[in-house]
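Student: structure of the sequence below:
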Amino acid sequence: MIPARLRADAEACFAAAVAAVEPGRLVARGLARDGDTLVLRGRTGEEIARHCGSVCVVGAGKAVVAMARATSAIVGRDTVGGLVIAPHAVVVGDLDLIRIAYGAHPVPDTAGVAATRELLELVRGSAAVTLVLVLLSGGASALLVAPCETVTLADKQVLTRDLLAAGAEIAALNAVRKHCSRIKGGGLARAAASANGCWTLVISDVAGDDLTTIGSGPTVADPTTFADALGVLARYGVTPPPAVGDYLRRGAAGEVHETPKPGNPIFARVRATVVGGNADAMAAAAAEAVRRGYTVTTWAEPLAGDAAAAGERLARAVRSWPGSRPVALVAGGETTVAARPGGLGGRSQHLALAAALQLEGSAAVVLAAGSDGIDGPTEAAGACVDGETTRRARAAGLDPVAALAATDSHRLLAATGDLLVTGPTGSNVADVVVALRAAP
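Tutor: Next up, the predicted model:
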(Lines give C-alpha, C1' and ligand atoms only; values in the text may rest on other atoms or scores of the structure.)
Protein backbone atom coordinates (compact mmCIF):
# COMPACT_ATOMS: atom_id res chain seq x y z
CA MET A 1 0.00 0.00 0.00
CA ILE A 2 2.92 2.38 0.60
CA PRO A 3 3.79 2.86 -3.11
CA ALA A 4 0.11 3.45 -3.96
CA ARG A 5 -0.20 6.15 -1.29
CA LEU A 6 3.08 7.76 -2.32
CA ARG A 7 2.04 7.74 -5.96
CA ALA A 8 -1.29 9.39 -5.16
CA ASP A 9 0.50 12.05 -3.14
CA ALA A 10 3.09 12.68 -5.86
CA GLU A 11 0.38 13.04 -8.51
CA ALA A 12 -1.54 15.45 -6.26
CA CYS A 13 1.62 17.55 -5.87
CA PHE A 14 2.06 17.65 -9.65
CA ALA A 15 -1.59 18.62 -10.16
CA ALA A 16 -1.14 21.47 -7.68
CA ALA A 17 1.96 22.61 -9.58
CA VAL A 18 0.07 22.74 -12.88
CA ALA A 19 -2.91 24.55 -11.34
CA ALA A 20 -0.61 27.23 -9.92
CA VAL A 21 0.66 28.18 -13.37
CA GLU A 22 -2.70 28.35 -15.16
CA PRO A 23 -2.04 31.07 -17.77
CA GLY A 24 -5.14 33.16 -17.08
CA ARG A 25 -4.20 33.47 -13.42
CA LEU A 26 -0.66 34.47 -14.34
CA VAL A 27 -1.66 37.06 -16.97
CA ALA A 28 -3.83 38.81 -14.38
CA ARG A 29 -0.70 39.33 -12.28
CA GLY A 30 0.94 41.42 -14.95
CA LEU A 31 -1.89 43.14 -16.80
CA ALA A 32 -4.72 45.21 -15.35
CA ARG A 33 -7.19 48.00 -16.10
CA ASP A 34 -7.27 51.39 -14.40
CA GLY A 35 -10.30 53.00 -16.02
CA ASP A 36 -9.41 53.64 -19.67
CA THR A 37 -5.74 52.87 -19.05
CA LEU A 38 -3.94 49.56 -19.39
CA VAL A 39 -1.33 48.94 -16.70
CA LEU A 40 1.69 46.62 -16.90
CA ARG A 41 2.93 45.31 -13.57
CA GLY A 42 6.02 43.46 -12.45
CA ARG A 43 6.04 40.16 -10.61
CA THR A 44 5.83 41.80 -7.19
CA GLY A 45 3.01 44.13 -8.25
CA GLU A 46 5.05 47.24 -9.04
CA GLU A 47 3.85 49.39 -11.95
CA ILE A 48 6.07 49.23 -15.02
CA ALA A 49 4.15 51.14 -17.70
CA ARG A 50 0.77 52.59 -18.75
CA HIS A 51 -1.00 52.84 -22.09
CA CYS A 52 -4.26 54.43 -23.14
CA GLY A 53 -5.51 53.51 -26.60
CA SER A 54 -5.49 50.75 -29.16
CA VAL A 55 -3.70 47.42 -28.65
CA CYS A 56 -2.50 44.77 -31.10
CA VAL A 57 -2.05 41.37 -29.44
CA VAL A 58 0.48 38.87 -30.84
CA GLY A 59 2.41 35.97 -29.41
CA ALA A 60 3.41 32.33 -29.49
CA GLY A 61 3.90 29.31 -27.27
CA LYS A 62 2.24 26.31 -25.72
CA ALA A 63 0.29 28.49 -23.26
CA VAL A 64 -0.46 31.34 -25.65
CA VAL A 65 -4.14 30.54 -26.31
CA ALA A 66 -5.07 30.72 -22.63
CA MET A 67 -2.87 33.81 -22.28
CA ALA A 68 -4.63 35.45 -25.23
CA ARG A 69 -8.06 34.63 -23.83
CA ALA A 70 -7.20 36.26 -20.50
CA THR A 71 -5.56 39.22 -22.23
CA SER A 72 -8.58 39.76 -24.48
CA ALA A 73 -10.85 39.95 -21.43
CA ILE A 74 -8.63 42.63 -19.86
CA VAL A 75 -7.86 44.71 -22.97
CA GLY A 76 -11.44 44.44 -24.20
CA ARG A 77 -12.65 47.08 -26.64
CA ASP A 78 -9.17 48.52 -27.18
CA THR A 79 -8.08 45.39 -29.06
CA VAL A 80 -7.68 46.32 -32.72
CA GLY A 81 -6.51 42.92 -33.90
CA GLY A 82 -4.06 40.20 -33.20
CA LEU A 83 -2.53 36.86 -34.04
CA VAL A 84 -1.07 34.20 -31.78
CA ILE A 85 0.67 30.98 -32.84
CA ALA A 86 0.02 27.73 -30.95
CA PRO A 87 1.17 24.13 -31.51
CA HIS A 88 -0.94 22.04 -33.88
CA ALA A 89 -2.16 19.90 -30.96
CA VAL A 90 -4.03 22.91 -29.55
CA VAL A 91 -7.27 23.05 -31.53
CA VAL A 92 -9.59 25.93 -30.57
CA GLY A 93 -11.60 28.60 -32.32
CA ASP A 94 -10.44 32.18 -32.80
CA LEU A 95 -10.96 34.69 -30.02
CA ASP A 96 -12.66 38.06 -30.53
CA LEU A 97 -10.33 40.03 -32.84
CA ILE A 98 -7.41 37.67 -32.14
CA ARG A 99 -6.78 34.95 -34.68
CA ILE A 100 -5.15 31.68 -33.70
CA ALA A 101 -2.67 30.16 -36.13
CA TYR A 102 -0.66 26.97 -35.75
CA GLY A 103 2.84 25.60 -36.16
CA ALA A 104 4.96 22.59 -35.25
CA HIS A 105 6.99 22.03 -32.09
CA PRO A 106 9.87 21.37 -31.43
CA VAL A 107 10.89 21.27 -35.10
CA PRO A 108 9.32 24.14 -37.12
CA ASP A 109 7.17 23.64 -40.22
CA THR A 110 5.74 25.59 -43.16
CA ALA A 111 2.58 26.48 -41.22
CA GLY A 112 4.76 28.17 -38.60
CA VAL A 113 6.61 30.10 -41.30
CA ALA A 114 3.36 31.36 -42.84
CA ALA A 115 1.91 32.32 -39.45
CA THR A 116 5.08 34.16 -38.45
CA ARG A 117 5.12 36.07 -41.72
CA GLU A 118 1.55 37.22 -41.06
CA LEU A 119 2.40 38.13 -37.46
CA LEU A 120 5.36 40.27 -38.54
CA GLU A 121 3.25 42.06 -41.17
CA LEU A 122 0.61 42.81 -38.54
CA VAL A 123 3.19 44.23 -36.12
CA ARG A 124 4.97 46.32 -38.79
CA GLY A 125 1.60 47.75 -39.85
CA SER A 126 0.63 48.88 -36.34
CA ALA A 127 -0.28 52.55 -36.09
CA ALA A 128 1.89 54.98 -34.15
CA VAL A 129 -0.78 55.18 -31.44
CA THR A 130 -1.07 51.39 -31.03
CA LEU A 131 0.62 49.30 -28.36
CA VAL A 132 1.99 45.95 -29.50
CA LEU A 133 1.30 43.49 -26.67
CA VAL A 134 3.35 40.29 -27.01
CA LEU A 135 2.46 37.05 -25.21
CA LEU A 136 5.23 34.47 -24.88
CA SER A 137 5.47 31.06 -23.28
CA GLY A 138 7.62 27.97 -23.66
CA GLY A 139 7.59 26.61 -27.21
CA ALA A 140 7.67 30.05 -28.82
CA SER A 141 11.14 29.51 -30.30
CA ALA A 142 9.89 26.72 -32.57
CA LEU A 143 6.63 28.50 -33.44
CA LEU A 144 8.14 31.89 -34.38
CA VAL A 145 9.84 30.92 -37.64
CA ALA A 146 11.37 33.55 -39.89
CA PRO A 147 14.58 32.19 -41.45
CA CYS A 148 17.09 34.87 -42.42
CA GLU A 149 18.44 35.53 -45.89
CA THR A 150 19.87 32.36 -47.45
CA VAL A 151 18.75 30.01 -44.64
CA THR A 152 15.72 27.89 -45.54
CA LEU A 153 13.10 26.19 -43.41
CA ALA A 154 14.64 22.84 -44.33
CA ASP A 155 18.00 24.11 -43.03
CA LYS A 156 16.40 25.16 -39.74
CA GLN A 157 14.61 21.83 -39.39
CA VAL A 158 17.86 19.88 -39.79
CA LEU A 159 19.69 22.25 -37.45
CA THR A 160 17.01 21.99 -34.74
CA ARG A 161 16.78 18.20 -34.94
CA ASP A 162 20.56 17.78 -34.75
CA LEU A 163 20.99 20.14 -31.80
CA LEU A 164 18.12 18.48 -29.91
CA ALA A 165 19.53 15.02 -30.60
CA ALA A 166 22.93 16.17 -29.35
CA GLY A 167 21.35 17.19 -26.03
CA ALA A 168 21.87 20.95 -26.42
CA GLU A 169 20.54 22.94 -23.46
CA ILE A 170 17.93 25.59 -24.21
CA ALA A 171 20.19 28.65 -23.87
CA ALA A 172 22.74 27.12 -26.24
CA LEU A 173 20.07 26.01 -28.72
CA ASN A 174 18.51 29.46 -28.73
CA ALA A 175 21.84 31.24 -29.23
CA VAL A 176 22.03 29.45 -32.58
CA ARG A 177 18.35 29.96 -33.40
CA LYS A 178 18.61 33.72 -32.80
CA HIS A 179 21.39 34.07 -35.34
CA CYS A 180 19.45 32.32 -38.09
CA SER A 181 16.23 34.30 -37.60
CA ARG A 182 14.59 37.65 -38.45
CA ILE A 183 12.26 37.57 -35.43
CA LYS A 184 14.27 36.08 -32.58
CA GLY A 185 16.95 37.91 -30.60
CA GLY A 186 15.15 41.28 -30.64
CA GLY A 187 13.78 40.96 -34.16
CA LEU A 188 10.15 41.34 -33.11
CA ALA A 189 10.98 44.51 -31.16
CA ARG A 190 12.60 45.88 -34.31
CA ALA A 191 9.41 45.13 -36.27
CA ALA A 192 7.39 47.02 -33.63
CA ALA A 193 9.62 50.10 -33.67
CA SER A 194 6.99 52.34 -35.29
CA ALA A 195 4.26 51.42 -32.77
CA ASN A 196 3.48 53.35 -29.59
CA GLY A 197 5.36 50.76 -27.57
CA CYS A 198 5.93 47.04 -27.13
CA TRP A 199 5.02 45.18 -23.94
CA THR A 200 5.75 41.51 -23.38
CA LEU A 201 4.05 39.19 -20.89
CA VAL A 202 6.11 36.06 -20.35
CA ILE A 203 5.39 32.67 -18.80
CA SER A 204 8.86 31.29 -18.30
CA ASP A 205 10.04 27.76 -19.03
CA VAL A 206 13.69 28.69 -18.46
CA ALA A 207 15.72 28.40 -15.26
CA GLY A 208 16.33 31.85 -13.83
CA ASP A 209 13.60 33.34 -16.05
CA ASP A 210 16.17 34.76 -18.49
CA LEU A 211 14.23 36.96 -20.92
CA THR A 212 16.97 36.66 -23.54
CA THR A 213 16.44 32.89 -23.67
CA ILE A 214 12.67 32.47 -23.28
CA GLY A 215 11.24 32.14 -26.78
CA SER A 216 14.71 33.12 -28.04
CA GLY A 217 14.14 36.68 -26.75
CA PRO A 218 12.18 38.19 -29.66
CA THR A 219 11.52 41.51 -27.87
CA VAL A 220 14.70 41.97 -25.81
CA ALA A 221 18.32 42.82 -26.55
CA ASP A 222 20.47 39.82 -27.41
CA PRO A 223 23.79 39.43 -25.56
CA THR A 224 24.91 36.47 -27.70
CA THR A 225 26.89 36.73 -30.93
CA PHE A 226 27.50 34.88 -34.17
CA ALA A 227 30.75 33.63 -32.60
CA ASP A 228 28.74 32.23 -29.68
CA ALA A 229 26.47 30.39 -32.11
CA LEU A 230 29.46 28.82 -33.85
CA GLY A 231 30.85 27.87 -30.46
CA VAL A 232 27.64 26.02 -29.57
CA LEU A 233 27.83 23.97 -32.76
CA ALA A 234 31.45 23.08 -32.05
CA ARG A 235 30.74 22.20 -28.41
CA TYR A 236 27.96 19.77 -29.32
CA GLY A 237 29.71 18.38 -32.38
CA VAL A 238 26.94 19.47 -34.76
CA THR A 239 27.79 20.14 -38.39
CA PRO A 240 25.20 22.64 -39.65
CA PRO A 241 23.67 22.66 -43.15
CA PRO A 242 26.07 24.48 -45.52
CA ALA A 243 23.86 27.59 -45.80
CA VAL A 244 23.67 27.91 -42.02
CA GLY A 245 27.39 27.44 -41.52
CA ASP A 246 28.18 29.99 -44.22
CA TYR A 247 25.75 32.53 -42.77
CA LEU A 248 27.09 32.17 -39.23
CA ARG A 249 30.70 32.46 -40.40
CA ARG A 250 29.86 35.59 -42.40
CA GLY A 251 28.22 37.02 -39.30
CA ALA A 252 31.22 36.25 -37.12
CA ALA A 253 33.41 38.01 -39.70
CA GLY A 254 31.26 41.14 -39.51
CA GLU A 255 29.72 40.71 -42.95
CA VAL A 256 26.17 40.33 -41.55
CA HIS A 257 24.47 42.64 -39.05
CA GLU A 258 24.41 41.32 -35.51
CA THR A 259 21.19 40.92 -33.53
CA PRO A 260 20.28 44.17 -31.71
CA LYS A 261 22.29 44.63 -28.51
CA PRO A 262 21.65 46.41 -25.18
CA GLY A 263 21.46 50.17 -25.68
CA ASN A 264 19.91 49.93 -29.13
CA PRO A 265 17.24 52.69 -29.41
CA ILE A 266 14.61 50.21 -30.64
CA PHE A 267 14.27 49.08 -27.01
CA ALA A 268 13.50 52.56 -25.64
CA ARG A 269 9.74 51.86 -25.44
CA VAL A 270 9.98 48.10 -24.89
CA ARG A 271 8.95 46.62 -21.54
CA ALA A 272 8.77 42.99 -20.45
CA THR A 273 7.65 41.15 -17.34
CA VAL A 274 7.71 37.51 -16.30
CA VAL A 275 4.30 36.71 -14.84
CA GLY A 276 5.08 33.15 -13.77
CA GLY A 277 7.50 30.30 -14.08
CA ASN A 278 8.89 27.07 -12.72
CA ALA A 279 9.38 28.50 -9.22
CA ASP A 280 5.61 29.02 -8.93
CA ALA A 281 4.94 25.41 -9.89
CA MET A 282 7.56 24.12 -7.45
CA ALA A 283 6.17 26.24 -4.61
CA ALA A 284 2.68 24.86 -5.17
CA ALA A 285 3.95 21.27 -5.29
CA ALA A 286 5.89 21.84 -2.07
CA ALA A 287 2.85 23.36 -0.35
CA GLU A 288 0.72 20.35 -1.31
CA ALA A 289 3.38 17.99 0.06
CA VAL A 290 3.38 19.89 3.35
CA ARG A 291 -0.41 19.66 3.46
CA ARG A 292 -0.09 15.90 3.07
CA GLY A 293 2.29 15.55 6.00
CA TYR A 294 5.73 15.53 4.39
CA THR A 295 8.87 17.31 5.54
CA VAL A 296 9.71 19.22 2.35
CA THR A 297 13.00 20.31 0.85
CA THR A 298 13.13 22.31 -2.36
CA TRP A 299 16.09 21.40 -4.53
CA ALA A 300 18.42 24.40 -4.50
CA GLU A 301 19.64 24.31 -8.10
CA PRO A 302 17.48 24.15 -11.23
CA LEU A 303 17.64 20.76 -12.91
CA ALA A 304 19.86 20.92 -15.98
CA GLY A 305 22.28 18.76 -17.92
CA ASP A 306 21.95 15.01 -18.35
CA ALA A 307 18.52 13.72 -17.34
CA ALA A 308 19.78 10.34 -16.15
CA ALA A 309 22.35 11.93 -13.86
CA ALA A 310 19.67 14.18 -12.39
CA GLY A 311 17.35 11.22 -11.78
CA GLU A 312 20.05 9.20 -10.07
CA ARG A 313 21.02 12.13 -7.86
CA LEU A 314 17.44 12.85 -6.74
CA ALA A 315 16.63 9.19 -6.07
CA ARG A 316 19.74 8.69 -3.96
CA ALA A 317 18.98 11.88 -2.06
CA VAL A 318 15.39 10.96 -1.19
CA ARG A 319 16.43 7.47 -0.06
CA SER A 320 19.15 8.78 2.24
CA TRP A 321 17.53 12.01 3.46
CA PRO A 322 17.71 12.13 7.29
CA GLY A 323 14.68 12.21 9.54
CA SER A 324 11.95 9.94 10.86
CA ARG A 325 9.02 11.64 9.07
CA PRO A 326 7.87 11.22 5.46
CA VAL A 327 10.17 13.22 3.21
CA ALA A 328 9.53 15.17 -0.01
CA LEU A 329 12.10 16.65 -2.38
CA VAL A 330 10.74 19.05 -5.01
CA ALA A 331 12.84 20.08 -8.00
CA GLY A 332 12.31 21.79 -11.33
CA GLY A 333 14.08 22.77 -14.51
CA GLU A 334 14.89 21.29 -17.89
CA THR A 335 17.35 18.45 -18.40
CA THR A 336 18.65 17.06 -21.68
CA VAL A 337 18.97 13.67 -23.33
CA ALA A 338 21.42 12.74 -26.07
CA ALA A 339 18.97 10.46 -27.89
CA ARG A 340 20.06 7.18 -29.46
CA PRO A 341 18.58 6.08 -32.81
CA GLY A 342 15.48 3.95 -32.24
CA GLY A 343 14.94 5.09 -28.67
CA LEU A 344 11.57 6.49 -27.63
CA GLY A 345 10.88 8.71 -24.65
CA GLY A 346 11.44 12.18 -23.28
CA ARG A 347 13.68 13.82 -20.74
CA SER A 348 11.24 13.28 -17.85
CA GLN A 349 10.76 9.60 -18.66
CA HIS A 350 14.53 9.17 -19.01
CA LEU A 351 15.07 10.88 -15.64
CA ALA A 352 12.42 8.68 -14.03
CA LEU A 353 13.90 5.45 -15.39
CA ALA A 354 17.33 6.40 -14.07
CA ALA A 355 15.73 7.16 -10.71
CA ALA A 356 13.96 3.78 -10.69
CA LEU A 357 17.28 1.96 -10.80
CA GLN A 358 18.35 3.83 -7.65
CA LEU A 359 15.02 3.27 -5.88
CA GLU A 360 15.09 -0.54 -6.11
CA GLY A 361 13.58 -2.06 -2.96
CA SER A 362 12.82 1.28 -1.30
CA ALA A 363 9.56 2.79 -0.06
CA ALA A 364 9.94 5.84 -2.28
CA VAL A 365 8.67 7.27 -5.55
CA VAL A 366 9.97 9.78 -8.07
CA LEU A 367 7.53 11.61 -10.34
CA ALA A 368 9.03 13.58 -13.23
CA ALA A 369 6.80 15.33 -15.75
CA GLY A 370 6.54 18.24 -18.13
CA SER A 371 4.27 21.00 -16.88
CA ASP A 372 2.81 21.17 -20.39
CA GLY A 373 1.68 17.54 -20.18
CA ILE A 374 4.02 16.57 -23.02
CA ASP A 375 7.32 14.70 -22.72
CA GLY A 376 9.17 14.15 -25.97
CA PRO A 377 7.36 12.66 -28.97
CA THR A 378 5.02 10.59 -26.76
CA GLU A 379 1.54 10.80 -25.28
CA ALA A 380 2.92 10.92 -21.73
CA ALA A 381 3.68 13.92 -19.54
CA GLY A 382 6.38 11.86 -17.84
CA ALA A 383 6.41 9.02 -15.35
CA CYS A 384 6.07 8.09 -11.68
CA VAL A 385 8.38 5.26 -10.63
CA ASP A 386 8.82 3.42 -7.35
CA GLY A 387 10.98 0.81 -5.66
CA GLU A 388 9.25 -2.00 -7.56
CA THR A 389 9.47 -0.52 -11.07
CA THR A 390 12.62 -2.41 -12.07
CA ARG A 391 11.20 -5.69 -10.73
CA ARG A 392 8.07 -5.21 -12.83
CA ALA A 393 10.20 -4.45 -15.86
CA ARG A 394 12.28 -7.60 -15.51
CA ALA A 395 9.14 -9.67 -14.93
CA ALA A 396 7.92 -8.36 -18.29
CA GLY A 397 11.18 -9.49 -19.92
CA LEU A 398 12.67 -5.99 -20.16
CA ASP A 399 16.11 -4.81 -19.03
CA PRO A 400 15.94 -1.34 -17.40
CA VAL A 401 19.70 -0.80 -17.63
CA ALA A 402 19.69 -1.56 -21.36
CA ALA A 403 16.60 0.60 -21.92
CA LEU A 404 18.28 3.54 -20.17
CA ALA A 405 21.42 3.13 -22.27
CA ALA A 406 19.29 3.02 -25.44
CA THR A 407 17.28 6.11 -24.37
CA ASP A 408 14.22 3.87 -24.77
CA SER A 409 12.39 4.69 -21.55
CA HIS A 410 8.87 4.99 -22.95
CA ARG A 411 8.34 1.36 -23.93
CA LEU A 412 9.62 0.05 -20.62
CA LEU A 413 7.62 2.48 -18.49
CA ALA A 414 4.49 1.71 -20.50
CA ALA A 415 4.99 -1.99 -19.73
CA THR A 416 5.50 -1.35 -15.99
CA GLY A 417 2.44 0.91 -15.74
CA ASP A 418 4.48 3.90 -14.64
CA LEU A 419 3.70 6.44 -17.37
CA LEU A 420 1.93 9.62 -16.29
CA VAL A 421 -0.57 10.71 -18.95
CA THR A 422 -2.38 14.00 -18.36
CA GLY A 423 -2.94 15.37 -21.84
CA PRO A 424 -1.83 18.93 -22.72
CA THR A 425 -2.22 21.21 -19.70
CA GLY A 426 -2.32 24.53 -21.56
CA SER A 427 0.69 25.84 -19.67
CA ASN A 428 4.45 25.37 -19.90
CA VAL A 429 6.99 26.20 -17.18
CA ALA A 430 9.50 23.39 -17.83
CA ASP A 431 9.55 20.20 -15.77
CA VAL A 432 8.59 19.39 -12.18
CA VAL A 433 10.03 16.51 -10.17
CA VAL A 434 8.52 15.29 -6.89
CA ALA A 435 10.40 12.62 -4.91
CA LEU A 436 8.64 11.16 -1.86
CA ARG A 437 9.78 8.68 0.79
CA ALA A 438 7.67 7.07 3.46
CA ALA A 439 8.70 7.30 7.11
CA PRO A 440 11.47 4.74 7.89
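
Student: pairing partners for the top strand by length along the chain, with directions?
Tutor: With secondary structure taken from DSSP state E, the chain has its longest strand at strand 79-87. Take DSSP bridges as the rule and strand 79-87 pairs in its sheet with strand 55-60 (parallel), strand 99-103 (parallel).

Student: hey, where'd the strands end up in the stretch 101-250 of the chain?
Tutor: Using DSSP state E, counting those that start in this stretch, the strands found in the stretch 101-250 of the chain span residues 131-136, 197-203.

Student: and those, which is most packed in?
Tutor: Among those, strand 131-136 has the highest mean neighbour count (mean count of other C-beta atoms under 10 Å), at a mean of 29. Glycine gets a C-beta too; all of them are placed from N, C-alpha and C.

Student: before we move on, the earlier item: which of the strands paired with strand 79-87 is buried the deepest?
Tutor: Compared across these, strand 55-60 shows the largest average neighbour count, a mean of 29 (mean count of other C-beta under 10 Å).

Student: quick revisit: save the strands of the stretch 101-250 of the chain as JSON lines, and put in distance to Asp431 and mean pLDDT too.
Tutor: As requested, the strands of the stretch 101-250 of the chain are exported to JSON lines (distance: least, C-beta to C-beta, whole Å; pLDDT from 0 to 100):
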{"stretch": "strand 131-136", "distance to Asp431": "19", "mean pLDDT": "98"}
{"stretch": "strand 197-203", "distance to Asp431": "14", "mean pLDDT": "98"}
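
Student: any chance of those strands in a markdown table, with distance to Pro3 too?
Tutor: Below are the strands of the stretch 101-250 of the chain laid out as a markdown table (distance: least, C-beta to C-beta, whole Å):
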| stretch | distance to Pro3 |
| --- | --- |
| strand 131-136 | 39 |
| strand 197-203 | 33 |
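
Student: out of these, which gets nearest to Val151?
Tutor: For the strands of the stretch 101-250 of the chain, the distance to Val151 is smallest for strand 131-136, at 22.4 Å, taking C-beta to C-beta.

Student: now do that closest one: which elements does it pack against?
Tutor: Here strand 131-136 touches strand 55-60, helix 64-75, strand 197-203, going by 3 or more C-beta pairs under 8 Å, 6 or more residues apart in numbering; DSSP states H and E.

Student: reformat these as a markdown table; add distance to Val134.
Tutor: Output for the helices and strands packed on strand 131-136, formatted as a markdown table (distance: least, C-beta to C-beta, whole Å):
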| stretch | distance to Val134 |
| --- | --- |
| strand 55-60 | 5 |
| helix 64-75 | 10 |
| strand 197-203 | 4 |
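
Student: could you point out which of the ones you listed sits nearest Pro377?
Tutor: Of all the helices and strands packed on strand 131-136, strand 55-60 sits nearest to Pro377, with 20.2 Å by C-beta to C-beta.

Student: and stretch 296-304, how far apart are its ends?
Tutor: The straight-line separation of the ends of stretch 296-304 (C-alpha to C-alpha, to the nearest Å) is 21 Å.

Student: contacting residues around the longest helix along the chain?
Tutor: Ordering each helix of the chain by length in residues (DSSP state H) puts helix 2-20 first. For helix 2-20, contacts defined as C-beta atoms under 8 Å, 6 or more residues apart in numbering pick out 276, 280-289, 292, 294, 328, 330, 363-367, 369, 371, 373, 384, 386-388, 420, 422, 425, 427, 432, 434, 436-438.

Student: now that helix: how far from the chain's centre is it?
Tutor: Counting by C-alpha atoms, centre = their mean, to the nearest Å, helix 2-20 is centred 21 Å from the centre of its parent chain.

Student: following it, which helix or strand shows up next?
Tutor: As assigned by DSSP states H and E, the chain's next helix or strand after helix 2-20 is helix 23-30.

Student: and the very next helix or strand once past that next one, which strands flank it?
Tutor: Once the chain leaves helix 23-30, the next helix or strand it forms, by DSSP H and E, is strand 31-34. If you go by DSSP bridges, strand 31-34 pairs up with strand 37-41 (antiparallel).

Student: the inter-axis angle of the partner strand versus strand 131-136?
Tutor: Strand 37-41 runs at 40 degrees relative to strand 131-136, counting by axes from the mean of the first three to the mean of the last three C-alpha atoms, to 10 degrees.

Student: any idea how far Asp210 is from Glu301?
Tutor: As defined by C-beta to C-beta, to the nearest Å, Asp210 lies at a distance of 15 Å from Glu301.

Student: for the nearest residue to Val123 once chain neighbours are set aside, give me its contacts.
Tutor: Once flanking residues are discounted, Val123 sits nearest to Ala191: 4.6 Å by C-beta to C-beta, 6 or more residues apart in numbering. By C-beta under 8 Å, 6+ apart, Ala191 lies in contact with Leu120, Val123, Arg124, Ile183.

Student: list the contacts of the second one.
Tutor: To tie it back to what came earlier, the one meant is Val123. Residues in contact with Val123 (C-beta under 8 Å, 6+ apart) are Cys56, Val58, Val132, Leu188, Ala191, Ala192, Ala195.

Student: then the first one?
Tutor: For Leu120, the contacting residues are Ala146, Arg182, Ile183, Leu188, Ala191, taking C-beta under 8 Å, 6+ apart as the criterion.

Student: got the confidence number for it?
Tutor: The per-residue pLDDT reported for Leu120 equals 98.

Student: next one: Val92 from Gly426, what distance?
Tutor: Using C-beta to C-beta, Val92 is found at 10 Å from Gly426.

Student: and Pro322, by the same measure?
Tutor: Between Pro322 and Gly426 the computed distance is 39 Å (C-beta to C-beta).

Student: returning to that earlier point: nearest to Leu173, of the strands of the stretch 101-250 of the chain?
Tutor: Of all the strands of the stretch 101-250 of the chain, the one in closest proximity to Leu173, counting by C-beta to C-beta, is strand 131-136 (16.2 Å).

Student: by how many degrees do the closest one and strand 197-203 diverge?
Tutor: 20 degrees.

Student: outside of strand 131-136, which residues touch it?
Tutor: Contact with strand 131-136 is made by 27, 38, 51, 53-61, 64, 67-68, 71, 75, 84, 123, 126, 188, 192, 195-203, 214-215, 218-219, as judged by C-beta under 8 Å, 6+ apart.
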